[in-house]
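In: structure for this input, please:
(one chain, ligands or ions: 4)
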Amino acid sequence: MKSFIIFSTFLMLIGCKQTSSEKKTTADTTNVQQTETKKEHQLREVRKANNPPIINGDSTDSIWKNSPWHPLDQRWVGEPYTEDDFSGRYKMAWDQEALYLLVMIEDDTLIDIYKDPLVQWWDDDCVEVFIDEDNSGGPHQFTHNAFAYHVALDGNVVDLGPDEAPHLYNDHVTSKHTTEGTTSTWELKIKVFDDSFVDGKKENTPVTLSAGKKIGFALAYCDNDHSETRENFIGSVYVPGEDKNLGWINADIFGTILLTE
Ligand SMILES: [Ca+2]
Ligand SMILES: [Ca+2]
Ligand SMILES: [Ca+2]
Ligand SMILES: [Ca+2]
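Out: Residues are numbered from 1 along each chain as shown. Ligands and ions are numbered 1, 2, ... in the order given. Below you'll find the model as predicted:
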């Protein structure tokens, strides 16, 4: 029975595969049984920041000096690209309040075609942050089992809610980026919410982070330079198989971070 459920889930996911544009199937995956079979991969330690970085798009904070770079180099969508077109790397840190990201992006053209943040948000240049608070893995397309925050150039933060519609989650992710030439320096502060998050509820409390905690995590960049739909979607984790654009549907593909002192 279990294998049948897993197989059915697989078929449903395949069924969700669309054109090269990421979104948005109306397929109902909300009733997909939570499989919670994530196999940990890309396990990385993230060090605590005694002094959290100032989110200003300036990377001179002390925590960034002592943190390692990680590559953003997995082509999930689109044709092969040059280093001038896109390259990216990032660093991470945490404290009780939040996760912190420093993301350095080389992108030859920054565009925000769709001014309405809830229209084709994935086809504008944006940073996408994937968070699975309890590292459970499993489907999350229309649930808060995990979040896929699209952080736009104008700072708007969009994910799909259980009502299958896009919502702004601007109070979950604070960001700022600065651009010099074709290099953008992003800093992000991400509050971590668990799967008890309810849209529209007055009080949703973010999780207090502590050492030893594991969180499902991935990062990506939607690169569009001059097209109606994005040209590339580049992620931080290797995704096996032909369809690599699964992070927005299933948290199994996320890597795992381990918070350390
Ligand atoms: Ca800073
Ligand atoms: Ca580009
Ligand atoms: Ca989860
Ligand atoms: Ca671009």
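In: every contact and neighbour count from this point should use C-alpha atoms.
Out: Fine.
In: element containing T174?
Out: Using DSSP states H and E, T174 sits in strand 173-180.
In: let me know the pLDDT of the nearest residue to V173 once chain neighbours are set aside.
Out: Excluding the flanking residues, the one nearest V173 by C-alpha to C-alpha, 6 or more residues apart in numbering is I190, at 4.6 Å. Looking at I190, its pLDDT is 99.
In: likewise for T37?
Out: 78.
In: checking W64 next. Helix, strand or coil?
Out: helix (DSSP: H, G, I helix; E, B strand; the rest coil).
In: tell me, how many neighbours does it end up with?
Out: W64 has 20 neighbours, counted by other C-alpha atoms under 10 Å.
In: circling back: contacts only, for the residue nearest to V173.
Out: Counting by C-alpha atoms under 8 Å, 6 or more residues apart in numbering, I190 makes contact with 98-100, 172-174.
In: format the residues you listed as CSV; extra columns: distance to T183, neighbour count and pLDDT.
Out: What follows is the contacts of I190, written out as CSV (distance: C-alpha to C-alpha, whole Å; neighbours: other C-alpha atoms under 10 Å; pLDDT from 0 to 100):
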residue, distance to T183, neighbour count, pLDDT
A98, 26, 21, 98
L99, 23, 22, 99
Y100, 20, 28, 98
H172, 25, 16, 98
V173, 21, 22, 98
T174, 20, 19, 98
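In: any idea how far ligand 1 is from D132?
Out: Counting by C-alpha to the ion, to the nearest Å, the gap between D132 and ligand 1 amounts to 25 Å.
In: and what of I54?
Out: 4 Å.
In: quick one: secondary structure of that residue?
Out: coil.
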